[in-house]
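[1] Give me a model of this one.
(2 chains)
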There are 2 protein chains.
Amino acid sequence: MTRRQSPNNKTIEIREFHSASGGIFFMARRRILSAKTPFQKIEVYETESFGRVLLLDGLVQTTERDEFFYHEMLVHPAMMAHPDPQEILIIGGGDGGALREVFRYPVRKATLVEIDAAVIDAAKKHFPSLACSFRDRRAEILIADGSRFIKESGRRFDLIFVDSSDPVGPSAVLHREAFYERLKRCLKPGGAIAAQAGSPLFHLAHLQKKAIFLKKQFKYAHSYFGPAPTYPGGFWCYSFLSDRVNPLKKIPRQAPAGLRYYNRDIHAAAFALPAFLVQRADG
Amino acid sequence: MTRRQSPNNKTIEIREFHSASGGIFFMARRRILSAKTPFQKIEVYETESFGRVLLLDGLVQTTERDEFFYHEMLVHPAMMAHPDPQEILIIGGGDGGALREVFRYPVRKATLVEIDAAVIDAAKKHFPSLACSFRDRRAEILIADGSRFIKESGRRFDLIFVDSSDPVGPSAVLHREAFYERLKRCLKPGGAIAAQAGSPLFHLAHLQKKAIFLKKQFKYAHSYFGPAPTYPGGFWCYSFLSDRVNPLKKIPRQAPAGLRYYNRDIHAAAFALPAFLVQRADG
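    Below is the predicted model:
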């Protein structure tokens, strides 16, 4: 990512490379936050078209305008496929978007394990539409390393959401076989996992490798897809994992009101595999 | 779109604004073509990640790496839903990608009406993987105004593909009610139309207006969707229109071999409407 003043000196240009030779840019009206934490650099910019934009180490994590695609598709397929999700774990997700979606259902408790308290603080201050659920009495917020938490806590959950950053970079550990083995031990009987899995275009090799071990570890290991306008390639992959819950079965309940992308038709559609993945990741 | 030398002077930066405050950029290794025609400015750049990129008036039309998403989704849903497509019309499509997809089927004839001969010439010279079908003996290539052709030709087709540029700008006429009325008169009994319809995010108001008149004009007027990594928002809308062909019915035939995105699961999935469109464009 690079940043510079535009010729008229009124806007700041933010660029994120999605590949060696291209990416996305925003013209920001102003920088709202720039902070170094022990874990990463956090920045928040105000843009006209995408509202506020959160960057971690220079990579776009979320924008006010398009975050609903990602958060709805991370959370609702598993919430809707599980017959009675009560105890929920979110690994990462410090912006609060996944937690907000979980609380659209009558769950008993949702535990969010975020490594960097500063991300939660930034979200509370600058992304109120995402960070609206941290004070919900059903929320348990832990500032801890998600990978260590699942190794040591001994607790079990109906659903686990892995709201991590990408398979390349600091979150690489959250995309490895050993992590999923431990994650599986944190599931209650009949539980399921939904994880962000990266770009089917830019992270294809990772996706393919991961699909091989996930298929050995879980009876149901499915990739599913949705739009993500400000992520690389605009088209995003998620993993659904369970030994008991088949996400391809018809969903008997109505989706919560107020959703902007997800509905039951989109649920079924999201699991359709593009031709270039049929023979590879899930072949 | 703006263009400038990067600091090391070895690459050219190409930017396309998708909104007032953001868009996509490429770092090109070199410019291969820059030409002004009576209709538009044509540019071709060589990039590392997306191969060759074709720009018309500064807007990305196609890249070698991701064009398959768009061309497969424009062509195959209609080719597969129609029971026996033999006479095909393509309005626009000078890069040859749609024609290539049509010729994966045993059609009798495909007529391509492109307004700007220079686009076809550029494609033949610089995009051989797209422009591979212009010499097919079933191809009829006409250099003419597509809108005038459908008004005056009197010919009728089983399928018509509208491979135009976006609903804002010079192709706006190809998105209006009168155009679709005339298009409908060019259909044989049982015929169907597939048209690119723009971005569900950036052209939403246009999509909504268009959906209203299309639903009056055609018994089956459906929006469908697919990824388009280098188009605004990365997520693209198409219209399927027919009085006889229901694209939601199960497709009885196998898709042609060699496709990279489209298959029958993707066909069914593409017609799922995002929640934000259910109450609007097709509500």
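[2] so what's A:Tyr70 up against?
    A:62, A:97, A:196, A:226, A:228, A:231, A:236 (C-beta atoms under 8 Å, 6 or more residues apart in numbering or on different chains). (Each C-beta comes from the backbone N, C-alpha and C, glycine too.)
[3] can you confirm the third one is in a strand?
    To tie it back to what came earlier, the one meant is A:Gln196. Yes - the assignment for A:Gln196 by DSSP: H, G, I helix; E, B strand; the rest coil puts it in a strand.
[4] Just the strands from the stretch 101-250 of chain A, written as ranges.
    Per DSSP state E, counting those that start in this stretch, the stretch 101-250 of chain A carries strands over the ranges A:109-114, A:139-143, A:157-163, A:187-198, A:220-227, A:235-242.
[5] Is the last one in proximity to chain B?
    Think strand A:235-242. Yes - using C-beta under 8 Å from any C-beta of the partner chain, we find that strand A:235-242 touches chain B at A:Phe235.
[6] starting at the chain centroid, how far to that strand?
    10 Å (C-alpha atoms, centre = their mean, to the nearest Å).
[7] Okay, angle between that strand and strand B:235-242 too, please.
    On the basis of axes from the mean of the first three to the mean of the last three C-alpha atoms, to 10 degrees, strand A:235-242 is oriented at 90 degrees to strand B:235-242.
[8] And the third one, by the same measure?
    For strand A:157-163 against strand B:235-242, the angle by the same axes, to 10 degrees is 110 degrees.
[9] ok, and what's touching strand A:157-163?
    With contacts defined as C-beta under 8 Å, 6+ apart, strand A:157-163 is touched by A:74-75, A:78-79, A:82, A:84-93, A:97-98, A:102, A:111, A:146, A:174, A:183, A:186-188, A:190-196.
[10] 6 Å instead?
    A:74, A:78, A:82, A:85-93, A:98, A:183, A:186, A:188, A:191-195 (C-beta atoms under 6 Å, 6 or more residues apart in numbering or on different chains).
[11] check contacts around A:Phe69.
    Taking C-beta under 6 Å, 6+ apart as the test, what A:Phe69 contacts is A:226-228, A:261.
[12] where's it relative to A:Ile141, distance?
    To A:Ile141, A:Phe69 is 24 Å away according to C-beta to C-beta, to the nearest Å.
[13] can you tell me how far the closest residue in space to A:Gly93 that isn't next to it in sequence sits from chain B?
    Once flanking residues are discounted, A:Gly93 sits nearest to A:Asp163: 3.6 Å by C-beta to C-beta, 6 or more residues apart in numbering or on different chains. Applying C-beta to the nearest C-beta, to the nearest Å, the value for A:Asp163 to chain B is 20 Å.
[14] And for A:Asp163, the neighbour number?
    Using other C-beta atoms under 10 Å in any protein chain shown, the number of residues around A:Asp163 comes to 25.
[15] Work out the sheet partners of the one helix or strand A:Leu54 maps to and label each with its direction, please.
    Following DSSP states H and E, one finds A:Leu54 within strand A:51-56. Sheet pairing of strand A:51-56 (DSSP bridges) gives strand A:41-47 (antiparallel), strand A:59-63 (antiparallel).
[16] Between those strands, which one is closest to B:Ser133.
    Nearest to B:Ser133 among those is strand A:59-63; the distance by C-beta to C-beta comes to 38.4 Å.
[17] still on that earlier bit, mean pLDDT added to the strands of the stretch 101-250 of chain A, as CSV?
    Shown next, in CSV, are those (pLDDT from 0 to 100):
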stretch, mean pLDDT
strand A:109-114, 98
strand A:139-143, 98
strand A:157-163, 97
strand A:187-198, 96
strand A:220-227, 98
strand A:235-242, 97
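[18] who wins for proximity to B:Lys41 among the ones you listed?
    With C-beta to C-beta, the closest approach to B:Lys41 among these belongs to strand A:235-242: 28.9 Å.
[19] can you list the residues that contact that closest one?
    Residues outside strand A:235-242 that contact it (C-beta under 6 Å, 6+ apart): A:192-198, A:200, A:218, A:220-226, A:228, A:247, B:227, B:234.
[20] Give the next helix or strand downstream of it.
    Assigned by DSSP H and E, the successor of strand A:235-242 is helix A:264-270.
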